[in-house]
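Just a sequence and a predicted model for now, questions to come.
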Amino acid sequence: MSKILISACLLGMCCRYDGKSCEYQKISELVDRYELIPVCPEQLGGLPTPRTPSERIGDKVIMKDGTDVTRQYNRGAEETLRLAKLFDIRTAILKSKSPSCGKGLIHDGTFEGGMTEGNGVTADLLMRNGIKVYTEEELDLLP
């Protein structure tokens, strides 16, 4: 059975910035086909839950209160990559629009709900290392 890294919040774990989850029902259909390995890059990077919302602005990740948390996001991405390598994982399903996990479209850094093209820190690192990244909106594209 193939292993897939998955954003823990999509499995119902309360690890999002607001202390909630964003459980995605279609994920439960995958447990018969894949071994799902949950991960929360923000927590792996040392950030607490709940935490002040963050958005990616270029190469930086900034909290709404102006705190630069780029170092924590980079550390979380590196730890996620380490897990992928440890378990020989070549696929990830990550939470869309997140400054860590988003792929293709992320919040624009204004904290007003706007979006911009780009990837979250973890999604970016995984893709640069040959790991295929999908969002919860792309489950029908899984092999």
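It's in.

From the rest of the structure, what touches the longest helix along the chain?
Longest among the helix segments of the chain by residue count, using DSSP state H, is helix 70-86. Residues from elsewhere that reach helix 70-86, judged by Cβ atoms under 8 Å, 6 or more residues apart in numbering: 5, 37, 39-47, 54, 56, 59-62, 89-90, 92, 99-100, 121-122, 124-126, 129, 131. Every C-beta, even on glycine, is put in place using the N, C-alpha and C of the backbone.

and that helix, what's its mean pLDDT?
Throughout helix 70-86, pLDDT has a mean value of 98.

before we move on, what about stretch 39-46?
Per-residue pLDDT values over stretch 39-46 give a mean of 98.

Quick one: distance of that stretch to the chain centre.
In terms of Cα atoms, centre = their mean, to the nearest Å, the centre of stretch 39-46 is found 9 Å from the chain centre.

Let me see the contact set for the most centrally placed residue in the chain.
The structure's the chain has its C-alpha centroid closest to residue 101; by Cα atoms, centre = their mean the separation is 2.4 Å. Under the criterion of Cβ under 8 Å, 6+ apart, the neighbours of residue 101 are 7, 41, 94-95, 120, 122-123, 135.

Great, nothing more from me.
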